[in-house]
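A.B. asks: The sequence and its predicted three-dimensional model are supplied below.
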2 protein chains.
Amino acid sequence: MAQVRPMRADARRNYERLLKVAAEAFAEHGENASLDDIAKRAGVGSGTLYRHFPNRQALLEAAYVDRIEAIATRAGEIAKALPPGEALVEWLHELCVGTIQVRGMKVLLGSAVTDGSSAAVTACGTSMKEAASRLVEAAQREGTLRADVEPIEVLRLAHGIAIASELANGQGAYIRRYLSLLTEGLRP
Amino acid sequence: MAQVRPMRADARRNYERLLKVAAEAFAEHGENASLDDIAKRAGVGSGTLYRHFPNRQALLEAAYVDRIEAIATRAGEIAKALPPGEALVEWLHELCVGTIQVRGMKVLLGSAVTDGSSAAVTACGTSMKEAASRLVEAAQREGTLRADVEPIEVLRLAHGIAIASELANGQGAYIRRYLSLLTEGLRP
DNA sequence: ACCTGAACACCGTTCAAGT
DNA sequence: ACCTGAACACCGTTCAAGT
């Protein structure tokens, strides 16, 4: 893979400062935060930002991969603590909270479950799909989840639920409600 | 209300040209289409665009109100043709198709069902809510829809379903599936 | 009353010059 | 090998001058 030679010390320092500042900026100003501003706040020239991250999407991903990996990791922990059906719902809830609260992450999580998503987001997309598969398949074996839905579909639907909750009010107060409407259905 | 005096002939002409061009531009380039470009294509100075539409959201709304009103109107037509439960689902399907296919409309329909939405989108938001209320309440009386969901919640959930379908593939192939997963629920 | 378009500020992106 | 920052292009927004 890439990066056989280690980075020069100053390059590594800049890279990490950029990531840290970018995560803050995206969280504060949303996915369209000014790249120039991020470079300035990190104390580097704008060219340096482009050297490390060729476009906004690349920076966005790099800034949040660890967060997304953390969510994926949570799947395993929750699976040990709860029965399959509940575990799935609980994990989806945490996923939705992350989607709404960390403003920059919404786009990223969205593109992670898109059909023709870029190679850049494939990495964390794969982690999410694996995490989802584990919980989904367990719930299906248990018989608390329909057998005809695929893991990636559950991720997409959860993303939709996050959006719906966001429309209801800024923070995630409605996530549990809308998530349970999805699992139980709109029929009486 | 506004607009007591009729517009001057040239103003009216410009206004309508701007709307027509804007609808095309938003459909083609999405909600972030260049306003300057819209003004140029409409053959007016950029100041004229701002005179008629103080910001992007205002233009976006003006360009698509009639489309949204048309969707709202469809509710009544569908209600006459189908039993309540089916009518609701059918209408939500048409709504989702519009949300996805007409690129500029997504943001607008979203903000129409947001809690603190601007006064600008209140008008078409109201039409949508009325249309939804009619179908939702009929389905609830019929007993095919849970009694504890409100019309605006159904609109928000439908918006979420549209997003989920969009993630699945560009066009609306998955809308019916995800809509039925919502109505029937994820449990077996 | 309305229109025009120059002017300004801001941002993304590139690249020659520097270490 | 990497960094800097000036330079360019583009866009949103304002406003003085014009009809």
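C.D. replies: Everything's here; your move.
A.B. asks: where's the least confident helix or strand in chain A by mean pLDDT relative to the chain centroid, distance-wise?
C.D. replies: Lowest by mean pLDDT, DSSP states H and E among the helices and strands of chain A is helix A:105-112, with a mean of 87. Centroid displacement of helix A:105-112 relative to its chain, using Cα atoms, centre = their mean, to the nearest Å, is 6 Å.
A.B. asks: Name the next helix or strand downstream of it, please.
C.D. replies: helix A:122-142 (DSSP states H and E).
A.B. asks: Quick one: list the elements packing against that following helix.
C.D. replies: Judged by 3 or more Cβ pairs under 8 Å, 6 or more residues apart in numbering or on different chains; DSSP states H and E, helix A:122-142 is in contact with helix A:56-81, helix A:84-101, helix A:105-112, helix A:151-168. C-beta here means a position set from N, CA and C on the backbone, and glycine is covered the same way.
A.B. asks: which residues touch the least confident helix or strand of chain A?
C.D. replies: For helix A:105-112, the external contacting residues (Cβ atoms under 8 Å, 6 or more residues apart in numbering or on different chains) are A:31, A:57, A:60-61, A:64, A:67-68, A:95, A:98-100, A:117-118, A:121, A:124-125, A:128, A:155, A:159, A:162, B:163, B:167.
A.B. asks: in chain A, what residue is nearest DNA strand C?
C.D. replies: Residue of chain A nearest DNA strand C, by Cβ to the nearest atom of the strand: A:Gly47 (2.8 Å).
A.B. asks: quick one: average pLDDT of the strand or helix carrying that residue?
C.D. replies: Remark: A:Gly47 resides in helix A:46-52, with elements defined by DSSP H and E. The average pLDDT for helix A:46-52 rounds to 97.
A.B. asks: Tell me which residues are up against it.
C.D. replies: With Cβ under 8 Å, 6+ apart as the test, helix A:46-52 has contacts from A:Ala11, A:Asn14, A:Tyr15, A:Leu18, A:Leu35, A:Asp36, A:Ile38, A:Ala39, A:Ala42, A:Leu59.
A.B. asks: Could you check it against DNA strand D for contacts?
C.D. replies: Yes: under the criterion of Cβ under 7 Å from any atom of the strand, DNA strand D is reached by helix A:46-52 at A:Ser46, A:Gly47, A:Thr48, A:Arg51, A:His52.
A.B. asks: Tell me the buried residues within the residues you listed.
C.D. replies: The neighbour-count test (16 or more other Cβ atoms under 10 Å in any protein chain shown) marks A:Thr48, A:His52 as buried among the residues of helix A:46-52 next to DNA strand D.
A.B. asks: Among the contacts of helix A:46-52, name the least confidently predicted one.
C.D. replies: A:Ala11 (91).
A.B. asks: Which positions within whichever helix or strand that one is part of qualify as buried?
C.D. replies: Here A:Ala11 sits within helix A:9-29, counting by DSSP H and E. Within helix A:9-29, the residues that count as buried by 16+ other Cβ under 10 Å are A:Asn14, A:Tyr15, A:Arg17, A:Leu18, A:Leu19, A:Val21, A:Ala22, A:Ala23, A:Ala25, A:Phe26, A:Ala27.
A.B. asks: Check which helices and strands it is in contact with.
C.D. replies: Other helices and strands packing on helix A:9-29, by 3+ Cβ pairs under 8 Å, 6+ apart, are helix A:35-41, helix A:46-52, helix A:56-81.
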